[in-house]
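Trainee: What follows is a predicted protein model with its sequence.
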Amino acid sequence: MQTEKGIGKFSIVSVVAAACLILGVTADAATYYVSQSWGNDSWTGLAATPSGKAGPWKTLKRASIKYAPGDSILLKCGDTWNEEFRPKGSGTPRKPIFIGSYGEGKKPVIDREDDKKDLTGIRLDDQGGFKIVGLEFNRCMTGIYAEYTDGCPTKKFIWIEDCYFHDALKYQHYEDYPKRKIGLGVCFFSFELDNKIVLTDITIKNCVFRRLASGVWTNSPDNFNKNASNIYNFGNMTFDGCLFEEGYQWQLGLRGVAGGAVRNCVTHDIGRDFRSFNGVAGGMFFRCKDWIFEDSEWGFVSIGLGSADGEAFDFEGNCDNMTMRNCLFHDTDGPGFLLCCYASDGHPNKGIIMDNCVLNGKAKRPIGLPRCEIINTTDWTEVTWKKCRFYLSKGEALMKVMDPEKDKKSKFVDCLVKKLSDACSTPNLAIKAKATASSGQRPANAIDAKATTSWQAASATDQWLQIDFGRAATINEFKIKEDASSSIIRYVIECWDAKASRWVGCFNGMAIGAEFVAPIVGRTTTKTRLRVIRTTKGNPRIAEFEAYNDRTGALPITAGGYLIKK
């Protein structure tokens, strides 16, 4: 049994059980089976094993028929197809058409084998009422593509869960999209030019998007039309427990979506070894309204080979009533956050609330301005930063406004701004804790406050070092020191959630080196652990793993977010 391991706040399993739980199935609903390895298109498709003329189909082309609400199409685990699946018909939210798997082993794979060609895994046209669970999409220019015509009646319900989209890095100018020129996991495209919803109730849950030019797009021909403000073609879109990793450009590139949520998602290692013609960000939202973002993380966003921007997140323009709560933005080449209205017809973002968020961008490069945590293109942007923490690197400012106006609409309420160099200044909570580890000798060496001693794991990958505090402790900063002989390149810090009885990721990291400080959104927990995912070579070796609850070192700021010089 083989698994595709998730990182951080979730675990993605690539083994799909023999039977799928299908909601809303009625007695007259049909179940169809497809097996590339030993199916036959002359069979009925209505049986998993051959019996007379009954048996699984072989090809996705044969399976591309019209289905009724509640019908199921199951692909055999371990099989691979180099075809487009184009099911006809529509289901309903209560009786969706289900696309899943049967048997044991790896996820069924749609592998188009050449991500440079405009090849799709699953395609839908003016359709709704689909639930797609437990599939893998490899080397598809677009894994799942759904297109809606001008005048299409509103369709409802697309649910995508436990799917793995990977290895589609084709990237070139795409102003004439949907002549597709960019590798995507999922794309919803609308030709509707009026302010009308063509698809609503979209859920993408517990999916992994890895090595894609971009992860998920909503798009329309008005993508580059600055005079099409406040046009919404999609509604009620939810992301939950998804990982976006090792991608090129915006992993969420959403335009024209009214209502939605991003919860428990991680976006990590974006833009490396890549040059974009119009910028890189962990997430980019444009012409969206009424969204909530909770318990999510965007980190390690690079300008690569010379891209613009390089911020963790971008409200690009016409983004209204957006609330971010308990979110972390860190380790970026550009600012931690960009509030922009240049891409629109001048309308600023309105009603943005940033609540209990942490910014530690580090801003390695300026964007026509001194390095800063926040770039705000105009003082007319309405944003309230409430109970947020900001960590400033040397020479970095808190916020810069590109077009200052007399009417200033940014507010900072009960926020803490401090130098990153002043982090971890209070007593180390790990000193009095108990250390355990997945393997190796003397894990207590990693919490003894001696950089000359260390814990070394007995294996190179999937190792962990755990600190047990013995009682509830609040933590908002970590400091890690790696032995010089160690070469960790991917890790996650996790805290134990006693209420949910599971580990919850609070920081996703890359290299550690001699010392690395990782501020997090504060958590109260009884234990925490450092989980090592990969090293360059050899076994991981940690000299110190320290935990802090430090709110000292505050720098004075004005209500509008400007540092007060002493």
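Mentor: Good, I have the coordinates. Residues are numbered from 1 along each chain as shown.

Trainee: residues near residue 382, how many?
Mentor: 17 (other CB atoms under 10 Å). For every residue, glycine as well, the C-beta is placed using N, CA and C.

Trainee: pLDDT wise, what is it at?
Mentor: Predicted confidence (pLDDT) for residue 382: 94.

Trainee: so it sits right up against residue 347, yeah?
Mentor: No. Using CB atoms under 8 Å as the test, residue 382 is too far from residue 347 to be in contact (11.1 Å).

Trainee: Would you quantify the distance from the residue nearest to residue 397 when sequence neighbours are not counted to residue 402?
Mentor: Excluding the flanking residues, the one nearest residue 397 by CB to CB, 6 or more residues apart in numbering is residue 372, at 4.2 Å. Distance, residue 372 to residue 402, by CB to CB, to the nearest Å: 11 Å.

Trainee: These two: which has the busier surroundings?
Mentor: Set residue 372 next to residue 402 and count neighbours by other CB under 10 Å: residue 372 wins out with 24 against 16.

Trainee: how about the more buried one, what does it touch?
Mentor: Contacts for residue 372 (CB atoms under 8 Å, 6 or more residues apart in numbering) come out as 335, 363, 366, 396, 397, 398, 399, 400.

Trainee: Mind checking which of these are in strands?
Mentor: Those of the contacts of residue 372 mapping onto strands are 397, 398, 399, 400, per DSSP state E.

Trainee: Which members of those define the maximum pairwise distance?
Mentor: Greatest spatial distance in the ones in strands among the contacts of residue 372: 398 and 400, 8.5 Å, computed using CB to CB.

Trainee: what touches both of those two?
Mentor: Overlap of the contact sets of residue 398 and residue 400 (by CB under 8 Å, 6+ apart) consists of 372, 374.

Trainee: show me the contacts for residue 166.
Mentor: Contacts of residue 166 by CB under 8 Å, 6+ apart are 136, 137, 138, 208, 209, 210, 211, 212.

Trainee: 10 Å instead?
Mentor: 4, 115, 136-140, 143, 183, 185, 208-212, 245-246 (CB atoms under 10 Å, 6 or more residues apart in numbering).

Trainee: And for it, nearest residue in space, chain neighbours not counted?
Mentor: Counting by CB to CB, 6+ apart, residue 166 lies nearest to residue 210, which is 4.4 Å off, once chain neighbours are set aside.

Trainee: Show me what the helix or strand containing that neighbour is packed against.
Mentor: Using DSSP states H and E, residue 210 sits within strand 208-212. Contacts defined by 3 or more CB pairs under 10 Å, 6 or more residues apart in numbering; DSSP states H and E place strand 208-212 against strand 136-138, strand 142-148, strand 164-168, strand 184-190, strand 214-219, strand 243-245, strand 266-270.

Trainee: ok, so what distance separates residue 449 from residue 516?
Mentor: Look at residue 449 and residue 516: by CB to CB, they are 17 Å apart.

Trainee: Between these two, tell me which one has more neighbours.
Mentor: residue 516 (18 against 10).

Trainee: partners of the residue lying closest to the more buried one once chain neighbours are set aside in the sheet?
Mentor: Nearest residue to residue 516, sequence neighbours excluded (CB to CB, 6+ apart): residue 480, at 5.0 Å. For residue 480, the beta-bridge partners are residue 516, residue 545 (DSSP bridges).

Trainee: For residue 480, which residues are in contact?
Mentor: By CB under 10 Å, 6+ apart, the residues touching residue 480 are 446, 465, 488, 491, 493, 507, 509, 512-518, 530, 542-546.

Trainee: thinking again about what came up before, dump the helices and strands packed on strand 208-212 into JSON lines; add distance to residue 103 as well.
Mentor: Compiled in JSON lines, those are given as follows (distance: least, CB to CB, whole Å):
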{"stretch": "strand 136-138", "distance to residue 103": "14"}
{"stretch": "strand 142-148", "distance to residue 103": "21"}
{"stretch": "strand 164-168", "distance to residue 103": "17"}
{"stretch": "strand 184-190", "distance to residue 103": "24"}
{"stretch": "strand 214-219", "distance to residue 103": "28"}
{"stretch": "strand 243-245", "distance to residue 103": "26"}
{"stretch": "strand 266-270", "distance to residue 103": "30"}
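
Trainee: Figure out which of those strands is closest to residue 94.
Mentor: Smallest distance to residue 94 across the helices and strands packed on strand 208-212 (CB to CB): 19.9 Å, for strand 142-148.

Trainee: what angle sits between that closest one and strand 208-212?
Mentor: Going by axes from the mean of the first three to the mean of the last three CA atoms, to 10 degrees, strand 142-148 is angled at 100 degrees with respect to strand 208-212.

Trainee: For whichever helix or strand comes after strand 142-148, which strands pair with it and how are they oriented?
Mentor: Downstream of strand 142-148, the first helix or strand assigned by DSSP H and E is strand 155-161. Pairing partners of strand 155-161, with direction, according to DSSP bridges: strand 130-133 (parallel), strand 199-205 (parallel).
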